[in-house]
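In: Here is my input; please provide its structure:
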Amino acid sequence: MSQEISPKDVLKKYWGYDTFRYNQEEVIENILSNKDTLALMPTGAGKSLCYQIPALMKKGVCIVISPLVALMLDQQKSLEEKGISSKAIHSNLSRQEIETILNNCLLSKIKILYISPERVSSKLFLSYFEKMKISLIAVDEAHCISMWGYDFRPSFLKIANLRKYHPQVAILALSATAQRQVAKDIEEKLLFKKPNTIYSSFEKENISYNIFYEENKLERLVYIIKELRKDGVGIIYVRSRGNTIRIAHQLQSLGIKALAYNAAMSFPLRKLHQIKWQNDEVDCIVATTAFGMGIDKKDVRYVIHWDLPHSIEEYTQEVGRAGRDLKKAFGILLYNDNDIEQLRGNIEKMFPSKKYIQNMYNALCNYYQLAVGTGKDIRRDFPMLSFFHRYNFNAYEGYNAIKLLERSSLIEIIESDDVVSRIFFIANREEVFAFLEDYPQYYHLIEALRRNYAGIMTQFTIISEEKLARITYDEEKNVKKSLKMLEQYNILHYEPKTENAQIIFTFDRIPDSNFSLSEETYYNVKKTHKQKAEEMIDFIKSKECREKYILNYFNLPIENCNRCDICLKNNQKKNKKELKERIFNDIKLSPKKLNYFAYSINYNSTKEENIEIVRELLDEDKIFVKKSATDLYLSATDL
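Out: Numbers count the residues shown, from 1 in each chain. The predicted model follows:
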C-alpha cells in the first residue's frame, strides 16, 4: 500500500472508524516522516494503531517487539481477521515454524511481525533481519528498557542493536506509564536521533477513582458488586492464584456470579471462564493481574483491587481496563493496615538472596541433569510446583527466584496459553504418494489432513486430533500415535499440544565460580521496586484528588476531577443537608439493611458521615429500625 492514501483512509478501510483518538494521528504522521518517536498514551487509547497503520502504508515488514505473548497472539489474530498478513514469533514455536515465518518475511508475505525482546539477540532472527526490508521497528511496553521504570527487563537493552542493521529505519516506542525520567531514558537507550516524545492526555473523564480503608473487605466488596452489576461486568484483581479461587467461591456463596481465572488453571477452564465473562454471563471475574491484557472488552464497568498494586503505574494500567467505551466506570481499591505491611513484605520476598537464586539455578540444572558447559537451547516441560516440593523451595520465593533468573536471561519460562497441535508436511506431494504405496495404512489420515486443512503442505497449520479421529473413524489415541509415526518417517513435523509450563535454558550451564547477577538485575531493580511501593502507599493515604495525584505523578498538571472519592467527599461536606435528604429519600424508597450506608459507594461520603446522618434521622424519628427474620433494616416512619 502506498502513501497516496491517507492514514484516515486506512483507518476507515480496516477498522471502520472515521476519526483518530488521543494523539494517534500525530504519532502516525511522525512515523510516516521517519522520525524516531516515543508515544505516551493511556491504557485503552489504541497504541497498536500507531504502528499498524504506518506498517500498511510503508513498504517492508514492521517489527513489533513486545514482552507479552498473549497480547502478540491476540493482535496477530485480530489483524488476520482483517485480512492483514501478520505473524508472531515466540517460544511456543519450533525452529521450523520460526524459519518458515522468517522466510515469508523475506518474500514480503508478512506486513507485521511480532517478536519477544529475547528474540532480538537470536542469531537465527538476526541472520534474516539484516536481509529484510524493514518499514518500522515498534517497541511496546517501552518503559521496560529503563531501570527507573516499574518493570525493568534487561533483554530490552539489546533492542538498540537492531539499529546497526537498518540505521535509517524509525523506531516507535510505546508506553502507558512513563515518568519524565523514564521517558528520557527510553529515548537514550533506543538511540533516538532526536528527542521526540508525544504526550496524550491521561485524564480519564469517565472513570471515578475510589479508595476505601476497610477492615471487612469481603462485605464491602459484595455491596459494591451488587450496586454496580446492573450496569455491566467487572474485574476483581488479587495478587495470588489461590485467592482467585477462594474469593470467587466466597462471592458465589453470597449471591454473586463470580468466576476465577489464573495461570494454574487448565487452559480449557480458563478459556471457558473468559468467554462467560466476555459474554456478560457472570457479574465479575476474580483474576491475577495479567488478566485483561489483549482482551478487547470495552464495556468493563469496574475494576476492583483486593490487594495493593506494587506501583502507581501498575494501578493505573489495570484500572485503565475499565470504561474503554468512554461510559461511566469505576476504579475501586480496598485496603487496610495489613495490606500495607503485606506490600512491603512482598517486595522483600520478590528479591531472595543471591545465594538462594544460585541454589535455585543449580537445582534446575540438576533436575534436568545438565552438566556444566551443556544445556543451551534445551527445552523441557516444567512442573513448577512439583519441582519446588522436590527441592524444598517455598513456592512464593521460589517463583520470584525463577523470575529473576529469567530476567537475567539464563532461562525462559513459557506458561502456554497456545494449547493446540500443529502439523507441517516436510515431504512434497510426490514423496507423500510414493510413501503411501509402501504404507497404505496411513492413506485415510493423510487424506483427512490434506482435505481439511488448507495450506498444510506449505506452512504450519493448527489441527485437531479429535476431529481427525471422527473423520477417519478411529480413536484419538491412535491418530496421535500415527502422527508420531509419520514424523519418524519424515513425512511431516508434528507438535502435539501441551498445557504444561516449559523451561528453556538459554545458555550452557554456568559453573558456580562464574555465576553472578548484575547490579541492574538485582540491587537497582530492588531499590526501584521499594520506592514504587512507598509511592503507592503515599497515594492511597493522600487526601488529594485521586486523578490529580496520578497525573502529577506523571508530570502532567490537571485540576481536581470532581469524580473521585476525595473530590466528592469534599463537595459533600459543603452540603451535608443535601446528603441527609438523599439518604432519607433512599430509605423512603425501600428499606435498607443496617450496614448498607457503611458500604455503599452511591453517596461518595465516608461511612462515618453516613452513620452520623442515620443517627440524626433516628433521633428525629424520621426513620426506625425494623427487624426481619434474618436481619435489621432501616425504614422510613409514616408521617
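In: what's the neighbour count on residue 90?
Out: Residue 90 has 22 neighbours, counted by other CB atoms under 10 Å. Just so you know, the C-beta spots here come from the backbone N, C-alpha and C atoms, and that holds for glycine as well.
In: Would you mind confirming that it makes contact with residue 69?
Out: Yes. Between residue 90 and residue 69 there is a contact under CB atoms under 8 Å: 4.8 Å.
In: Just name the shakiest helix or strand of the protein by mean pLDDT.
Out: helix 596-599 (a mean of 76; mean pLDDT, DSSP states H and E).
In: what's in contact with that helix?
Out: Residues from elsewhere that reach helix 596-599 (CB atoms under 8 Å, 6 or more residues apart in numbering): 219, 220, 223, 224, 583, 603, 607, 610, 611, 613, 614, 634.
In: What residues does the first one make contact with?
Out: Meaning residue 219. 595, 599.
In: That one and residue 155: what is the separation?
Out: From residue 219 across to residue 155, the span is 44 Å (CB to CB, to the nearest Å).
In: ok, residue 290 to residue 607 distance?
Out: 33 Å.
In: more crowded one of these two?
Out: Neighbour totals were compared for residue 290 and residue 607, and residue 607 leads with 17 against 14 (other CB under 10 Å).
In: Run a quick neighbour tally on the residue lying closest to the more buried one once chain neighbours are set aside.
Out: In this structure, residue 607 finds its nearest non-sequential neighbour in residue 598, 4.2 Å apart by CB to CB, 6 or more residues apart in numbering. The local packing of residue 598 (other CB under 10 Å) involves 18 other residues.
In: and if you look at the one 3 residues further on?
Out: The tally of other residues near residue 601 (other CB under 10 Å) stands at 19.
In: OK, contacts around it?
Out: Here residue 601 is in contact with 210, 212, 223, 224, 227, 228, 330, 332 (CB under 8 Å, 6+ apart).
In: Okay, and which of the residues you listed map to helices?
Out: Judged by DSSP state H, the contacts of residue 601 include 223, 224, 227, 228 as members of helices.
In: which of those residues has the most neighbours?
Out: Busiest of the ones in helices among the contacts of residue 601 [other CB under 10 Å] is residue 224, holding 24 neighbours.
In: in the stretch 351-500 of the chain, which spans are strands?
Out: Along the stretch 351-500 of the chain, the segments classed as strands by DSSP state E, counting those that start in this stretch run 379-381, 411-414, 421-425, 461-463, 492-495.
In: quick one: buried residues of the fourth one?
Out: To tie it back to what came earlier, the one meant is strand 461-463. 461, 463 (16 or more other CB atoms under 10 Å).
In: How about residues contacting it?
Out: 420, 421, 422, 423, 424, 449, 453, 454, 455, 456.
In: Could you give the separation of that strand from the chain centroid?
Out: Relative to its chain's centre, strand 461-463 lies at 26 Å (CA atoms, centre = their mean, to the nearest Å).
In: Could you tell me which strands that strand is paired with, and in which direction each runs?
Out: Strand 461-463 pairs in its sheet with strand 421-425 (antiparallel), by DSSP bridges.
In: residues of the strand it pairs with that come out buried?
Out: Neighbour-count burial for strand 421-425 [16+ other CB under 10 Å]: 421, 422, 423, 424, 425.
In: Among those residues, which one sits closest to residue 102?
Out: Of all the buried residues of strand 421-425, residue 424 has the smallest distance to residue 102: 14.4 Å, by CB to CB.
In: Neighbours of the closest residue to the closest one other than its chain neighbours, how many?
Out: Leaving out its chain neighbours, the residue that sits closest to residue 424 by CB to CB, 6+ apart is residue 460, at 4.4 Å. The number of residues packed around residue 460, counting by other CB under 10 Å, is 20.
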